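*Asks:* Attaching a predicted model along with its sequence, questions to come.
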Amino acid sequence: MSKSVSIAKPNDHAPNEDAVFCSPQCIAVSDGAGGCGLYADEWSRYLIEHLPKDAPLCSFTELDEWVDGIWEEFYNEHEEQAKKGDGILLNKFYNEGSCATIAAAWGTEKGQCQWMAYGDSVVFHYSLQTGLLEHSFTRLADWRKKAFARACSTLTIHRWYLPQAMRFLIIAL
């Protein structure tokens with residue numbers, strides 16, 4: 001069974017800028033970075049809508065080629081939207097664009113999973129049989145750093161070998 005939900009931060013009156021996808025083959029989350037640029041919520045949804053769901057992104061080159069193939073349509077549409085506002089809005093769009101993190105996990109071969117995380121979104125998996133919890137961040141101490149420091153354009157990719165009875169969770173902070 002596959003379930004997904006995106007919950008806004010408690011007591012935060014900003015719009016929920018996260019987007020999620022969940023299927024038996026792929027789970028993914030994108031966290032729109034509203035403090036950077038414009039249209040973070042829409043960019044986040046756009047990334048998830050256009051994410052390849054049947055095959056993993058296995059390298060920075062593949063991630064770069066994927067983004068290179070989808071960004072222009074989004075950019076052109078939202079540039080027109082920004083032009084309808086004032087010059088400050090358009091300059092902000094030109095200077096900062098739209099920002100979001102993304103994390104995804106794909107079931108590959110039987111008993112294997114390929115995951116990638118770009119920014120500070122995290123992939124977890126938990127084995128009900130062994131009690132083992134694995135994650136996509138480097139060290140637990142990294143979470144003491146400010147979010148901006150964690151989110152600096154880092155791509156992490158890895159393959160997990162999965163026993164049966166495994167649960168996945170992807171979190172955008």
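*Replies:* Done, it's in. Numbers count the residues shown, from 1 in each chain.

*Asks:* all contacts plus neighbour counts: C-alpha atoms, from now on.
*Replies:* OK.

*Asks:* I figured V29 hits I102, correct?
*Replies:* Yes - taking Cα atoms under 8 Å as the definition, V29 is a contact partner of I102 at 5.7 Å.

*Asks:* Can you report how many residues lie near the closest residue to I157 other than its chain neighbours?
*Replies:* Using Cα to Cα, 6 or more residues apart in numbering and skipping the chain neighbours, the partner closest in space to I157 is M116 (4.3 Å). Look at M116: counted by other Cα atoms under 10 Å, it has 26 neighbours.

*Asks:* For M116, grab phi and psi.
*Replies:* phi -150, psi 150 (degrees, to the nearest 10).

*Asks:* what number of residues lie near A104?
*Replies:* For A104, using other Cα under 10 Å, the count is 29.

*Asks:* what residues are up against the closest residue to it other than its chain neighbours?
*Replies:* By the measure of Cα to Cα, 6+ apart, the closest residue to A104 outside its immediate chain neighbours is A28, 4.1 Å from it. By Cα atoms under 8 Å, 6 or more residues apart in numbering, the contact set of A28 is V20, F21, C22, I48, I102, A103, A104, A105, I170.

*Asks:* Can you tell me which of those residues is nearest E96?
*Replies:* I102 (17.8 Å; Cα to Cα).

*Asks:* quick one, what contacts that closest one?
*Replies:* Going by Cα under 8 Å, 6+ apart, the list of residues near I102 reads A28, V29, S30, D31, L47, A117, Y118, G119, S121.
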